[in-house]
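Engineer: quick one: sequence plus predicted model below, questions after.
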Amino acid sequence: MLDWSTLETWLTRIKTAALTALDTETTSLDPFAARLVGLSLATAPGQACYIPLGHAGPDTPAQLPLEAVLARLKPWLESDRHLKVGQNLKYDQHVFANHGIALAGIAHDTLLQSYVLESDKGHDLDQLASRHLGLATLAYADLCGKGAKQIGFEQVPVPLAAAYAAEDADISLRLHQTLFPRIEAEPGLARVYRDIEMPTREVLFKMERAGILIDADLLAQQSHELGQKILDLEQRAFALAGQPFNLGSPKQLAEILFAKLGLPVKKKTPGGAPSTDEEVLTELALDYPLPKLLLEHRSLAKLKSTYTDKLPRMINPATGRVHTHFSQATAVTGRLASSEPNLQNIPVRTEAGRRIRAAFVAPAGCSIVSADYSQVELRIMAHLSGDARLLEAFARGEDVHRATAAEIFGVAPEAVGPEQRRVAKTINFGLIYGMSAFGLARNLGLERSAAQTYIDRYFARYPGVARYMETIRAQAHRQGYVETVFGRRLMLPDIKSRNVGRRQGAERAAINAPMQGTAADLIKLAMVAVQNWLSAAQLKSRIVLQVHDELVLEVPDAELMQVRQQLPDLMAGVARLAVPLVVEVGAGPNWEAAH
DNA sequence: TAAGTCACG
DNA sequence: ACGTACGTGACTTAT
């Protein structure tokens, strides 16, 4: 579309359409760098258009001016009465935001429809078109190429771009017409889509937009210190090895450890090579000096390369903040995933790691507030299993690992020792993961028979949990899927596999998914409730991160008291389970101090 | 691009 | 007899 009269025709069309499919073409896949190259609309199958706005290749025809077109479309784009559908509209929402337009009226998203229906399958538009519509589409790589030779979309000739872009809008509309009725036909899925995923989509957009402030100077200082320590460890490792080698190469390291120094091989990698992972080095460190240095080196090198060196480079120069991408359709269990950078795996377990967390800071006049669900997956296990003893422990507010230890070891809770509590904690985690006696034995460093004895004692004391594990296995086999408390579904195609390993893997996933998935549902509901509260109360506090059972907010001083007080109740109140939900909250000048 | 390793819940 | 705790993302090396 290259003329105003056609645009006016389409404007009339989209103003009267019940639902319009919308898609943007841009200069970049990075939503913060992307500028509009064109946009496409579809109001009925086979009725779509493409408006080129920023093509710059040779032979580009005269295009309508970008700013004028956006100004004309702005009232429609920003209207919540004019309903839109698209594929991953969070991305398009960022693109429009880059041009000063607040996209509204997002009624549906085919990415999330696909995710709710089939979280275990791919969700690319191309895959969806092929799977659900039996259509082969033009692929992005066909237009732009890939790898080093890839060109920007603005270089794609307009006629080709128009065919591709208009097709995408058309496909998205057709997908909606196919997928949404399938969701509506299942009350559980409809609820997850309507009450959890669609509202969460909007919260995630705001979180990505907000970003988080990091102290780059502090991280640079840590990088320098880590660099010194790494160099020192390297020299000492060379001395012990009798030669220099690349400590970052598992292959070279294995050569030194097992061939040259003759240390015993403890286990093999899946590829058959002798493993040098943390578990192996920890065991070898009991008898030899070099593995201890290697462990220290590995841990510091990881912190430096992945965090202290990398995070400052991820600061967006325009905002001065780090903007992660939250993927809403990646994790099959319903969890979010964070990438570029991943802010859901910032170190916390070691002292050196926690210093990195201290570099996630609040701006002047604000605090970081962190609120996390306590023992949420175990509470969900209590709810799902209905086990009387476990429910009772949570109802009384007991230390659940201590209570478990008391049951397994047959002692009073006060008499439980630290080692007994540690064993009980490992068992509780194992239950959530669908453990075997072998897995528990390996984790606790025990004989398999000893681990089996613990498991037997656990199930004798918590028969409801034992019953639940069997029930969920049977259900997975019967239905081919399992569900969360809120109706999210995880398909388990491998549950019928003749391959024993795959089948058992699916059984473990069947045990884990309802717990991990229900926890994911709960915190998504919490994100929506918290954002609704902040918006309604016109507070300036912002949700900045979600880490599976934790929400991190940036809170102005004037709102700190109020947020600290209300946030835990709001999060704990999103659902009534058979056990209380408990939320712990903290505040401070940085993320580490807020814990 | 794959393999190995390791950061998180 | 078999392989062995759930779910992620990113870095480095080696091919």
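Structural biologist: Cool, the structure landed.
Engineer: how about the helices in the stretch 401-550 of chain A?
Structural biologist: Counting by DSSP state H, counting those that start in this stretch, residue ranges of the helices within the stretch 401-550 of chain A are A:418-432, A:437-444, A:448-461, A:463-479, A:500-536.
Engineer: got the angle for the longest one vs helix A:437-444?
Structural biologist: For the pair helix A:500-536 and helix A:437-444, the angle between their directions (axes from the mean of the first three to the mean of the last three C-alpha atoms, to 10 degrees) equals 60 degrees.
Engineer: in helix A:500-536, which residues are buried?
Structural biologist: Of all the residues in helix A:500-536, those buried under the rule 16 or more other C-beta atoms under 10 Å are A:505-507, A:509-531, A:534. (C-beta placed from N, C-alpha, C; glycine too.)
Engineer: swap in stretch A:365-376?
Structural biologist: A:366-373, A:375-376.
Engineer: now those residues as CSV including secondary structure and pLDDT?
Structural biologist: Listed next are those as CSV, based on DSSP: H, G, I helix; E, B strand; the rest coil; pLDDT from 0 to 100:
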residue, secondary structure, pLDDT
A:Cys366, strand, 98
A:Ser367, strand, 98
A:Ile368, strand, 98
A:Val369, strand, 98
A:Ser370, strand, 98
A:Ala371, strand, 98
A:Asp372, strand, 98
A:Tyr373, strand, 98
A:Gln375, coil, 97
A:Val376, helix, 98
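Engineer: which of those residues sits closest to DNA strand C?
Structural biologist: Nearest to DNA strand C among the buried residues of stretch A:365-376: A:Val376, at 13.0 Å, using C-beta to the nearest atom of the strand.
Engineer: for the stretch 251-400 of chain A, what lies in contact range of DNA strand B?
Structural biologist: A:254, A:269-273, A:275-278, A:281, A:295, A:298-299, A:302-303, A:306, A:344-350, A:353 (C-beta under 7 Å from any atom of the strand).
Engineer: okay, now A:Glu340: neighbour count?
Structural biologist: Here the number of neighbours of A:Glu340 (other C-beta atoms under 10 Å) works out to 11.
Engineer: looks like it contacts A:Phe326 (just checking).
Structural biologist: No. If you go by C-beta atoms under 8 Å, A:Glu340 and A:Phe326 don't touch, sitting 10.5 Å apart.
Engineer: so what's the nearest residue to A:Leu263 once chain neighbours are set aside up against?
Structural biologist: Closest residue to A:Leu263 apart from its sequence neighbours, by C-beta to C-beta, 6 or more residues apart in numbering: A:Leu257 at 4.8 Å. By C-beta atoms under 8 Å, 6 or more residues apart in numbering, the contact list for A:Leu257 reads A:263, A:274, A:276, A:284, A:290-291.
Engineer: likewise for A:Met571?
Structural biologist: The contact partners of A:Met571, by C-beta under 8 Å, 6+ apart, come to A:371, A:373, A:523, A:526, A:529-530, A:551, A:581, A:583.
Engineer: swap in A:Ala62?
Structural biologist: A:Leu2.
Engineer: please tell me how far it sits from DNA strand C.
Structural biologist: According to C-beta to the nearest atom of the strand, to the nearest Å, A:Ala62 stands 41 Å off from DNA strand C.
Engineer: tell me which helix or strand that residue sits in.
Structural biologist: Assigned by DSSP states H and E, A:Ala62 belongs to neither a helix nor a strand.
Engineer: repeat for the one 5 residues further on
Structural biologist: Under the assignment given by DSSP H and E, the secondary-structure element containing A:Glu67 is helix A:66-77.
Engineer: next secondary structure after that helix?
Structural biologist: The helix or strand immediately downstream of helix A:66-77 is strand A:84-86, counting by DSSP H and E.
Engineer: what's in contact with that following strand?
Structural biologist: By C-beta under 8 Å, 6+ apart, strand A:84-86 touches A:19-23, A:92, A:103, A:105-110, A:169, A:172-173, A:176.
Engineer: partner strands of it, parallel or antiparallel?
Structural biologist: Strands that pair with strand A:84-86, judged by DSSP bridges, come out as strand A:20-26 (parallel), strand A:106-109 (parallel).
Engineer: distance across stretch A:71-86, terminal residue to terminal residue?
Structural biologist: End-to-end distance for stretch A:71-86: 21 Å, by C-alpha to C-alpha, to the nearest Å.
Engineer: how about that stretch: buried residues?
Structural biologist: So stretch A:71-86, judged by 16+ other C-beta under 10 Å, has buried residues A:73, A:76-77, A:82, A:84-86.
Engineer: looking at the strands paired with strand A:84-86, which one is packed in the most?
Structural biologist: strand A:20-26 (a mean of 26; mean count of other C-beta atoms under 10 Å).
Engineer: quick check: next helix or strand after that strand?
Structural biologist: Next element after strand A:20-26 (DSSP H and E): strand A:36-44.
Engineer: and the next element down the chain from that next one?
Structural biologist: Trace forward from strand A:36-44 with DSSP H and E and the next one is strand A:47-52.
Engineer: what does that next one contact?
Structural biologist: By C-beta under 8 Å, 6+ apart, the list of residues contacting strand A:47-52 reads A:1-2, A:6-7, A:10, A:13, A:21, A:37-42, A:60-61, A:63-64, A:69, A:158, A:161-162, A:165-167, A:169-170, A:173.
Engineer: residues from the stretch 101-250 of chain A in reach of DNA strand C?
Structural biologist: Residues of the stretch 101-250 of chain A lying close to DNA strand C by C-beta under 7 Å from any atom of the strand are A:246, A:248-249.
Engineer: and if we set it to 10 Å?
Structural biologist: Taking C-beta under 10 Å from any atom of the strand, the part of the stretch 101-250 of chain A that reaches DNA strand C is made up of A:119-120, A:245-250.
Engineer: out of the residues you listed, which sit inside helices?
Structural biologist: Secondary structure from DSSP state H places A:Pro250 of those in helices.
Engineer: and the two most separated of the residues of the stretch 101-250 of chain A next to DNA strand C?
Structural biologist: Spatial extent of those (C-beta to C-beta) is set by the pair A:Ser119 and A:Phe245 at 43.7 Å.
Engineer: the more surrounded of these two?
Structural biologist: A:Ser119 (21 against 17).
Engineer: picking that back up, generate a ChimeraX selection restricted to the buried subset of the contacts of A:Leu257.
Structural biologist: Applying 16+ other C-beta under 10 Å to the contacts of A:Leu257, the buried members can be selected in ChimeraX as follows:
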select /A:263,274,276,284,290,291
